[in-house]
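1. generate coordinates for the sequence data below:
(2 chains)
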Amino acid sequence: MSQPTAAVAHGKSVWDGGTSPMGVSYGKLMMWFFLMSDAFTFSGLLITYGLVRSSNPSYTGTVEAFKFSSEYWPIPEKVFEAIPFFHGVPLPLVFVGFMTFVLIMSSVTMVLAVEAGHRMDRPAVEKWMLWTILGGITFLSCQAWEWTHFIVGTDTPTMMKIFNDKTGLWETAGVTGAGLSHNQYGPPAFADFFFFITGFHGFHVFSGVLFNFMVYFNAVTGVYDRRGHYEMVEKIGLYWHFVDLVWVFVFTFFYLV
Amino acid sequence: MAHHEPQVTVLPPNKEKIKHLWKIALYLLLLTIVEFIIAFTLHRGPLKTSIFVGMTIVKAAYIVGEFMHLKHEVKVLFWSILIPLIFIVWMLVAFVYEGFMIVRI
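-> From the prediction side, this is the model:
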C-alpha cells in the first residue's frame, strides 16, 4: 500500500531506476534524511556540552555536602530537585523523570496511531493522535514550569564572583536563579547549555505538536481516506520518535551523568 | 457539489503487533526506572557514566529499531542511517577527551 514493492526483473540492478532500492517511499526517505541532519545538529550541541563540561572541574565531595559554586560543574540531582506544589521539599529528578515518562508514553501512542493508519482505521488514528498531542502539550507545560523554576532560582542566593561591566572589576555578589551571563548553580556555561539544549529540544516538541495536530485534523476531515493511505501519520511519527530519542540522550547527559 | 465518501476497507487490529509495541514500551520504562535507581545508589565515576551511556544506547536502539521501524527496513537503508553515526561517536569521544586534557592544564 504505502510501501512500494521493489519488483525487479531477474538480472537487472535495483539502482537502474523504476524501483525504490531503499524499500520506502520518497517522503519517508526524505524524512529519514532530514532526521539525520537534525541528529547532526543535536550532536553538535551535545558534543560541545561534553567538551565544555569535561574541561570544567567536576565536584569531588559527597552529595550531602554539595554546595552551589562557580568553581565546579554542579551535580544534576542537586539542581533539578523541585516539583510543583512542594516548595522546599527536595525530590531530586522526580519531575524530570515524570517528563521522560510522558514523552515515552506519547511515543507509544504515536506508534499505535501508525498501526491504526496501516489498517485505515480512522477512529483509532484520531484517538491515538489525540493522546499523542496531549502528551506533547503535557511535556511542554512541564518544561515551562521547569524553566521558570530554573530562572527564578532557590530561596538562598549563592555568593559568586561576577564581572561588573561598568567598573571593569570582579566583585562578589549573591546570585539567585539563572540567566545567560551567570547563574546560581555553577559556571555560566552550565545554564547556557541548559537553555540551548533543552530549548532546542522543546522547540522540536512544539513543532511536533503542531504537526501532530495537522495529522489529526487531516484524519478527521477524511483527507487520508480520500488519499487512500495514512502514510503522513508514519512520516510525522518518525519525527515524533526522533524527538523522543533526543530526549533520551538529553536526559542521560544533562540530568543523570 | 457531489461529495461522496470514498470506499475504505478497515482491517481489524493486529493484536500481535500491538502487544509487541506495548512490550517495547514496558522495556523502555523499566530501563528508565533502573537508571533512576542507579542514579541514587552508585557513586559518581567512570563506571556509573559507562552504565548510563550503555543503557541510553539500548533505549535508543529500541526507539529507532522498533518504534521507527528501522530494524525491519531494507538493509541498505538500515546501514545508510547507522554508518554515519559512527562519526558522531568518534567526534564525541575525541572532544570529551580533549576537554579532560584542557582541565589538566
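2. please make it C-alpha for all contacts and neighbour counts, starting now.
-> OK.
3. where do the strands sit along the chain?
-> Using chain A. Taking DSSP state E to define them, one finds strands in chain A at A:158-164, A:169-175.
4. that was the other one, I meant chain B.
-> For chain B, no strands are identified by DSSP E.
5. buried set for stretch B:44-51?
-> Within stretch B:44-51, the residues scored as buried using 16 or more other C-alpha atoms under 10 Å in any protein chain shown are B:44, B:48-49.
6. meant to ask about stretch B:61-72, not that
-> B:61-64, B:66-68, B:70.
7. ok, of the buried residues of stretch B:44-51, which one's closest to chain A?
-> Out of those, the one with the shortest distance to chain A is B:Thr49. That distance is 5.9 Å, counting by C-alpha to the nearest C-alpha.
8. hang on, that closest one packs against A:Val257?
-> Yes: contact status for B:Thr49 versus A:Val257: in contact at 5.9 Å, counting by C-alpha atoms under 8 Å.
9. chain B: helices as residue ranges?
-> Assignment of helices within chain B using DSSP state H yields the ranges B:15-41, B:46-62, B:75-104.
10. how about the stretch 151-257 of chain A?
-> Per DSSP state H, counting those that start in this stretch, the stretch 151-257 of chain A has helices spanning A:188-193, A:199-220, A:223-227, A:231-250. These are given in chain order.
11. mind checking which of those helices is nearest A:Met99?
-> helix A:231-250 (9.7 Å; C-alpha to C-alpha).
12. picking up where we left off before, looking at the helices of the stretch 151-257 of chain A, which is buried most?
-> Burial of these is given as mean neighbour count (mean count of other C-alpha atoms under 10 Å in any protein chain shown); helix A:231-250 ranks first at a mean of 23.
13. okay, the angle between that one and helix A:199-220?
-> Using axes from the mean of the first three to the mean of the last three C-alpha atoms, to 10 degrees, the interaxial angle of helix A:231-250 with respect to helix A:199-220 works out to 160 degrees.
14. which non-adjacent residue is nearest the residue nearest the centre of chain B?
-> The central residue of chain B, meaning the one whose C-alpha is nearest the mean C-alpha position (C-alpha atoms, centre = their mean), is B:Ala60 at 1.2 Å. For B:Ala60, ignoring the flanking residues on the chain, the nearest one in space by C-alpha to C-alpha, 6 or more residues apart in numbering or on different chains is A:Leu245 at 6.1 Å.
15. for that neighbour, give me its contacts.
-> B:60, B:63-64 (C-alpha atoms under 8 Å, 6 or more residues apart in numbering or on different chains).
16. how is chain B divided into domains?
-> Taking automatic domain parsing as the reference, chain B has its domains at B:15-72, B:75-105.
17. which one of these lies nearest to A:Lys166?
-> Of all the domains of chain B, the one in closest proximity to A:Lys166, counting by C-alpha to C-alpha, is domain B:75-105 (30.3 Å).
18. now do the buried residues in the closest one.
-> With the criterion 16+ other C-alpha under 10 Å, domain B:75-105 contains buried residues B:77-78, B:85, B:88, B:91-92, B:95-96, B:98-100.
19. check whether that domain contacts chain A.
-> Yes: in terms of C-alpha under 8 Å from any C-alpha of the partner chain, part of domain B:75-105 sits within range of chain A, namely B:76-77, B:81, B:88, B:91-92, B:95-103.
20. in those, which has the lowest confidence score?
-> Ranked by pLDDT, the residues of domain B:75-105 next to chain A bottom out at B:Val103 (81).
21. the nearest residue to it once chain neighbours are set aside: how many residues sit nearby?
-> Nearest residue to B:Val103 in three dimensions, chain neighbours excluded: A:Ser55, at 4.6 Å (C-alpha to C-alpha, 6+ apart). A:Ser55 has 21 neighbours, counted by other C-alpha atoms under 10 Å in any protein chain shown.
22. okay, now the unreliable bits of the chain?
-> Chain wasn't specified; assuming chain A. Scanning chain A with the threshold set as pLDDT under 70 gives A:1-10.
23. look at chain B instead
-> Counting by pLDDT under 70, the ranges of chain B that qualify are B:1-5.
24. so who does the residue of it found nearest chain A touch?
-> Ranked by C-alpha to the nearest C-alpha, the top residue of chain B for proximity to chain A is B:Gly99, at 4.1 Å. Applying C-alpha under 8 Å, 6+ apart, we find B:Gly99 in contact with A:50-56.
25. give the PyMOL command for selecting the buried subset of those residues.
-> Selecting in PyMOL just the buried members of the contacts of B:Gly99, where the criterion is 16+ other C-alpha under 10 Å, is done with this command:
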select buried, chain A and resi 50+51+52+53+54+55+56
